[in-house]
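1. task: produce atomic coordinates for the following.
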Amino acid sequence: MRASIDARDVVVHLQALQKATPEVKRQLWTALRATDVDLERGVKSQMPVDTGRARASWGSWTPSDLVKPNADASAGDAIHEEHQTNLEIVQGTNVPYVGALNAGHSQQAPAGFIDVLAEKARVQMVRFAQAIGFKAR
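-> Coordinates of the predicted model:
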């Protein structure tokens with residue numbers, strides 16, 4: 001399961017992003033990285049926990065989130081990719097049951113909790129872009 005925060009969502013056309021000044025791109029990247037941290041923190045805080053593998057694996061690998069030994073847990077579970085040129089950050093997990101957790105298969109978190117947080121991240125980026133006056137042309 002992956003969640004992508006993409007500053008390109010605030011730019012109707014990628015062409016407009018290519019025409020953006022370096023300062024605007026820098027501001028968007030800074031906001032995107034802050035949004036990435038907020039999203040990861042939110043998902044990790046709401047992730048249902050048994051052994052902690054799912055929580056530890058979301059985004060940046062955080063072995064301190066493991067609460068019980070789990071031989072299957074490893075840094076390879078985590079997905080965190082940054083693409084500054086495209087103003088894109090992808091975070092997620094390779095743990096196969098996280099999709100079921102997001103679908104509501106645990107009483108510890110509501111169905112769609114990751115989707116709700118990803119949408120909040122998208123809205124946060126749109127608001128930032130509007131605040132700096134960046135619009136697609």
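2. strands of the chain, residue ranges please.
-> 2-6, 78-83, 88-93 (DSSP state E).
3. orientation of the second one relative to strand 88-93 in degrees?
-> Strand 78-83 and strand 88-93 meet at an angle of 180 degrees, taking axes from the mean of the first three to the mean of the last three CA atoms, to 10 degrees as the criterion.
4. pull up the pairing partners for strand 78-83, direction included.
-> Each strand that pairs with strand 78-83, with its direction, by DSSP bridges: strand 88-93 (antiparallel).
5. what mean pLDDT does the strand it pairs with have?
-> Model confidence over strand 88-93, given as mean pLDDT, is 94.
6. reformat the strands of the chain as CSV; add mean neighbour count.
-> Every C-beta, even on glycine, is put in place using the N, C-alpha and C of the backbone. Converted to CSV, the strands of the chain look like this (neighbours: other CB atoms under 10 Å):
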stretch, mean neighbour count
strand 2-6, 19
strand 78-83, 15
strand 88-93, 22
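7. residues near Val126, how many?
-> Around Val126 there are 13 other residues, counting by other CB atoms under 10 Å.
8. could you do Val24 as well?
-> Residues within reach of Val24, counting by other CB under 10 Å, total 15.
9. wait, it touches Ile132, no?
-> Yes. The pair Val24 / Ile132 is scored as a contact, 6.7 Å apart, by CB atoms under 8 Å.
10. contacting residues around Asp115?
-> Asn102 (CB atoms under 8 Å, 6 or more residues apart in numbering).
11. which residues in the chain form helices?
-> Taking DSSP state H as the test, the helices found in the chain are 14-19, 22-46, 53-57, 98-102, 113-131.
12. what is the longest one packed up against?
-> Contact here means 3 or more CB pairs under 8 Å, 6 or more residues apart in numbering; DSSP states H and E; on that basis helix 22-46 packs against strand 2-6, strand 78-83, strand 88-93, helix 113-131.
13. right, so of those, which gets closest to Trp58?
-> Of all the helices and strands packed on helix 22-46, strand 88-93 sits nearest to Trp58, with 5.1 Å by CB to CB.
14. off-centre distance for the closest one?
-> With CA atoms, centre = their mean, to the nearest Å as the basis, the distance from the averaged C-alpha position of strand 88-93 to the chain average is 5 Å.
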